[in-house]
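Novice: Got a sequence here, can you model it:
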Amino acid sequence: MAPKIQLIMHARRLIIIVALTLFACLTAAFGAWLQTRNLLINHDLVWCLEIARVLTSGGRYLHEALEVNPPLFFLLISPFQWLATLLHLSDYAAVALWINLLAVGAALVCWPPLRALIPNRALTMMALLGIAAVLMGHPGYHFGQREQLIATLITPGLFWLPWRLHDPTPLTSTMRMAGAAVTVLAALGILIKPHYLLMPLAALIATLILRPEQRALRPLWLGWPGVMTVVCAAYGFLITVFFPEYFQMVGVALDLYGGMDASANTLLSGPILSFVGYAALLAFGVSIATGWRAQYSLTAWSLWSACALGMAAFVLQGKGWAYHTLAATICMDLLTGAALIATLTTLRHNVKSGRTLVSALIIGGALWAKPITGGWAEYLALSPSDWRTHPGVRLLQVAAQGEGVMLVSNNPRPWTSQTDAAGSRLSQRGYLWMLAGALQLMEQGDAVKGDYYAKRIRTYFAEDLRRFRPRVLIIGAGRDLQSYASFHGGFVAFLEQDPEVKALMRDYPPLRTLPNGAQIRLRRDALTSAPPQEPATPLIFRTLAPPPSQETVQHVR
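Specialist: Predicted coordinates:
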């Protein structure tokens with residue numbers, strides 16, 4: 001009898017594993033279909049995919065990859081290449097599928113704490129689907145940014161932590177393995193950008209404040225500090241052995257990346273307080289409804305503290321770019337879902353309770369005034385299919401004809417997205433992010449060092465023109481750099497101070513100057529062999545304002 005029962009149990013586990021795998025694949029595929037059908041690929045993601053290819057094919061920092069970010073993010077998204085080959089997908093569809101698989105997997109890992117949190121199985125499944133939907137769909141046009149992956153990887157820990165502090169009973173071996181997996185995921189998320197250590201650390205402190213008797217919990221956070229230390233050490237070893245040039249890249253970044261910093265007014269003028277205040281109202285309402293020491297309350301304050309410190313990480317990064325708030329706003333939306341489920345549960349069981357009604361009013365009022373991140377409406381207005389038939393993209397399609405495109409601009413918006421929509425690929429290394437820092441050094445700091453980096457930028461440009469021989473050059477207007485005297489005359493004048501660049505640029509006569517000041521140049525042999533038929537003035541360049549020098553977080557009611 002025992003062997004038969006054991007066989008049945010094994011069969012049941014196998015069925016569950018197959019069902020969960022199928023669920024994850026179908027959900028991720030549906031999310032990827034919606035993403036690629038309705039939104040153009042993010043301008044930064046285009047570049048990240050190129051860097052991932054370079055690093056996984058033996059490329060080196062400071063040589064083939066002039067990239068300020070460490071390799072972990074690029075390694076984590078690199079399986080898109082395998083998926084694209086295996087399933088015959090575009091790069092965009094493949095990376096969307098891969099990131100969505102990670103999101104659904106992270107949601108599935110949240111099942112044990114959700115099941116303990118929500119007694120109703122249907123509501124538990126709804127919550128799980130909600131987590132997956134937020135992780136996949138919240139970023140919108142910013143899909144694929146590092147902050148999305150950070151939020152995806154640390155989210156399971158934000159649910160497991162309050163669960164284990166509320167109920168520290170011993171776990172089964174399977175649950176211990178799941179807890180270790182949660183820890184590894186959180187460590188990987190933090191290592192993408194160490195600023196975001198603030199989020200799980202804040203969640204730990206908040207839950208310990210609410211449950212002070214657990215402060216002496218010996219296996220703190222399921223032994224997570226130890227596991228995190230091992231993961232961090234392994235990552236440091238990986239960089240040292242396989243990407244040693246990155247340590248030199250850090251020195252370059254310390255010299256130049258500050259040139260892209262935003263002012264304190266820009267960083268603090270966004271809706272930081274409204275986000276944090278809204279999330280605090282939700283957590284307060286949940287605590288009133290369920291009790292301050294309940295798992296619901298611990299989970300709500302775990303998400304709130306992660307949201308608040310995620311906003312602090314946004315400020316610490318100093319750039320003011322909208323996508324830097326993604327990790328915080330994802331936690332905010334997860335808290336919104338938790339508050340809704342808490343309200344539904346308490347109203348269902350205790351409608352006449354004054355405490356329940358007060359919590360419902362607080363949560364309802366917060367939801368009515370929910371802050372929403374805005375911006376990027378110009379991208380949301382057009383789907384990828386619209387872009388592919390758009391005059392602006394058709395100009396690139398006709399000019400590039402599927403060959404390489406080189407972008408000469410310190411601002412990739414919206415050029416990299418247009419290049420992808422036109423069916424071409426970037427043919428260059430990414431070094432122009434260095435330009436603002438070099439100009440700043442030349443005029444406000446160390447002129448010798450600034451001139452050194454300016455010469456390196458010109459050398460990189462000449463090397464790339466010789467090596468890649470792109471068919472098309474897109475030269476940005478560089479309006480956000482015009483305040484620097486050393487940039488007088490724009491990118492062409494700056495780069496042609498090198499005689500070699502000036503000689504190479506003779507092979508790229510201007511094809512078209514766009515109304516926003518940008519210029520498209522075509523390689524001379526391509527121009528003489530097959531003169532492109534230019535479409536009418538691209539609508540995109542007439543209707544859209546030039547990209548600003550700093551993305552700012554907008555608050556839209």
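
Novice: residues near residue 280, how many?
Specialist: Residue 280: 18 surrounding residues under other CB atoms under 10 Å. Yep, even glycine has a C-beta here, placed from its N, CA and C like the rest.

Novice: mind listing what's buried in the helix or strand containing it?
Specialist: Assigning secondary structure by DSSP states H and E places residue 280 in helix 272-290. Residues of helix 272-290 classed as buried: 272, 275-276, 278-290 (neighbour count, 16 or more other CB atoms under 10 Å).

Novice: so what does the biggest helix by length in the chain touch, helix or strand wise?
Specialist: With secondary structure taken from DSSP state H, the chain has its longest helix at helix 2-38. Using 3 or more CB pairs under 8 Å, 6 or more residues apart in numbering; DSSP states H and E as the contact criterion, the secondary-structure elements in contact with helix 2-38 are helix 91-109, helix 121-137, helix 384-388.

Novice: please redo it, this time with the cut-off set to 7 Å
Specialist: helix 91-109, helix 121-137 (3 or more CB pairs under 7 Å, 6 or more residues apart in numbering; DSSP states H and E).

Novice: Can you say which of those is packed in most?
Specialist: Per-stretch averages of neighbours, counted by mean count of other CB atoms under 10 Å, single out helix 91-109 among the helices and strands packed on helix 2-38, with a mean of 24.

Novice: Can you check what angle separates it from helix 121-137?
Specialist: For helix 91-109 and helix 121-137, the angle between their directions (axes from the mean of the first three to the mean of the last three CA atoms, to 10 degrees) works out to 150 degrees.

Novice: gap between helix 91-109 and the chain center?
Specialist: Relative to the chain's own centre, helix 91-109 is displaced by 13 Å; criterion: CA atoms, centre = their mean, to the nearest Å.

Novice: for it, packing partners?
Specialist: Applying 3+ CB pairs under 7 Å, 6+ apart, we find helix 91-109 packed against helix 2-38, helix 43-56, helix 80-87, helix 121-137, helix 146-166, helix 173-192.

Novice: Export the helices and strands packed on helix 2-38 as a markdown table, with columns for mean pLDDT and distance to residue 60.
Specialist: Output for these, formatted as a markdown table (pLDDT from 0 to 100; distance: least, CB to CB, whole Å):
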| stretch | mean pLDDT | distance to residue 60 |
| --- | --- | --- |
| helix 91-109 | 95 | 22 |
| helix 121-137 | 89 | 33 |
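
Novice: where in the stretch 51-200 of the chain is pLDDT low?
Specialist: Counting by pLDDT under 70, the stretch 51-200 of the chain contains no low-confidence residues.

Novice: So residue 406 lies in a strand, does it not?
Specialist: Yes - per DSSP: H, G, I helix; E, B strand; the rest coil, residue 406 lies within a strand segment.

Novice: And the pLDDT for it?
Specialist: Residue 406 is assigned a predicted lDDT (pLDDT) of 93.

Novice: Please apply the same query to the one 10 residues further on.
Specialist: Note for residue 416: predicted pLDDT of 87.

Novice: Not counting stretch 45-62 itself, show me its contacts.
Specialist: 64-65, 67, 71, 74, 77-78, 80-81, 91, 95, 144, 243, 245-246, 248-249, 412, 416-417, 420, 426, 430 (CB atoms under 7 Å, 6 or more residues apart in numbering).

Novice: how close does residue 162 get to residue 208?
Specialist: As defined by CB to CB, to the nearest Å, residue 162 lies at a distance of 10 Å from residue 208.

Novice: Tell me which helix or strand in the protein has the weakest average pLDDT.
Specialist: One helix or strand of the chain scores below all others by mean pLDDT, DSSP states H and E: strand 555-556, with a mean of 27.

Novice: ok so, going back, quick one: which of residue 162 and residue 208 has more around it?
Specialist: More neighbours surround residue 162 than the other of residue 162 and residue 208, with 28 against 17 (other CB under 10 Å).

Novice: Residue 299 is in contact with the more buried one, correct?
Specialist: Yes - with contacts defined as CB atoms under 7 Å, residue 162 counts as touching residue 299 at a distance of 4.6 Å.

Novice: residues near residue 504, how many?
Specialist: Using other CB under 10 Å, residue 504 has 18 neighbouring residues.

Novice: So which residue is dead centre in this protein?
Specialist: residue 145 (1.8 Å; CA atoms, centre = their mean).

Novice: which residues sit in contact with that one?
Specialist: Applying CB under 7 Å, 6+ apart to residue 145 gives the contacts 42, 44, 139, 323, 326.

Novice: For ChimeraX, what selects the buried ones among these?
Specialist: Applying 16+ other CB under 10 Å to the contacts of residue 145, the buried members can be selected in ChimeraX as follows:
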select :42,44,139,323,326
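
Novice: Go through the contacts of residue 145 and name the one nearest residue 198.
Specialist: Proximity of the contacts of residue 145 to residue 198 (CB to CB) peaks at residue 326, which lies at 14.7 Å.

Novice: if I look at that closest one, how far off is residue 199?
Specialist: 12 Å.

Novice: From the contacts of residue 145, pick the one nearest residue 463.
Specialist: Within the contacts of residue 145, the smallest distance to residue 463 is 23.5 Å, found for residue 44 (CB to CB).

Novice: Identify the residue spatially nearest to the closest one, adjacent ones excluded.
Specialist: Distances taken as CB to CB, 6 or more residues apart in numbering put residue 145 closest to residue 44, at 6.3 Å, once the chain neighbours are dropped.

Novice: quick one: the one you found and residue 520, what's the gap?
Specialist: Computed with CB to CB, the distance linking residue 145 and residue 520 is 28 Å.
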